[in-house]
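> Here you go, sequence then predicted model.
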Amino acid sequence: MGKLVASAVLDAALQYLEDNVDWISVCEGAPTTYEHAHSNKGTGAGKVLAHSVTPTFTGPAPGDGGGTSRKTAVDAEPTITVDITGNADHVALVKTGTTVLLYVTTCTLQTLTAANTVTIPTWDIEIGSPT
Amino acid sequence: MDPKEKARRKLEKAMRQPVNDVVLEVQKGTIDINDLFKKIDERVKEKADGKISR
């Protein structure tokens, strides 16, 4: 059976991120709950080493995968102050108002030192068209 | 996002100062919705078979 999704459907999902994400965090270990992505490492189950409350997005736009695929760019977060020393390997997007973990991706492991800064370069979230 | 709020956030970002800055290498997040469509197909079949009511 052939499958199709209109770009507008995928754009709605990507726009949801732009409209709701108000917190981006750099984590040690994979965050799977809101607390993981919102609380500092060493506080409860927190895994956060650094965070920013200024996430912005550019898009949606056509994806790299062809078809009706769509992507949005998470804009760079320059020079965020590191709160806790640790090994960063995940980046999380969160909505604090309703305490929801919305998106998680990985990053190459890098050691961060408290009081220094960390930069998250711009990166894409893409939703492929169904095949 | 409200354009004014977006502009405020961008301005705040631009004012930060680096301290021994580390630049992360973030992997692109790709969502494959093929599995989602398969699940929808399964749900439709289950509903047609009377296994689920909604």
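Alright, I've got the coordinates. Numbers count the residues shown, from 1 in each chain, chains lettered A, B, ... in the order given.
> What pLDDT is listed against residue 17?
This is for chain A. Residue A:17 carries a pLDDT value of 95.
> other chain: chain B
Taking residue B:17 on its own, its pLDDT is 93.
> tell me the phi and psi of residue B:19?
Main-chain torsions, residue B:19, degrees, to the nearest 10: phi -130, psi 110.
> what's near enough to touch it?
The contact partners of residue B:19, by C-beta atoms under 8 Å, 6 or more residues apart in numbering or on different chains, come to A:79, A:81, A:115-117. C-beta coordinates here come from the backbone N, C-alpha and C atoms, glycine included.
> what stretches of chain B score poorly on pLDDT?
B:34-39, B:52-54 (pLDDT under 70).
> tell me which element residue 8 is part of?
Reading this off chain A. helix A:7-20 (DSSP states H and E).
> that's the wrong chain, I meant chain B
Following DSSP H and E, one finds residue B:8 within helix B:3-14.
> Does that helix reach chain A?
Yes: using C-beta under 8 Å from any C-beta of the partner chain, helix B:3-14 reaches chain A at B:6, B:9-10, B:12-14.
> I appreciate the help and will end here.
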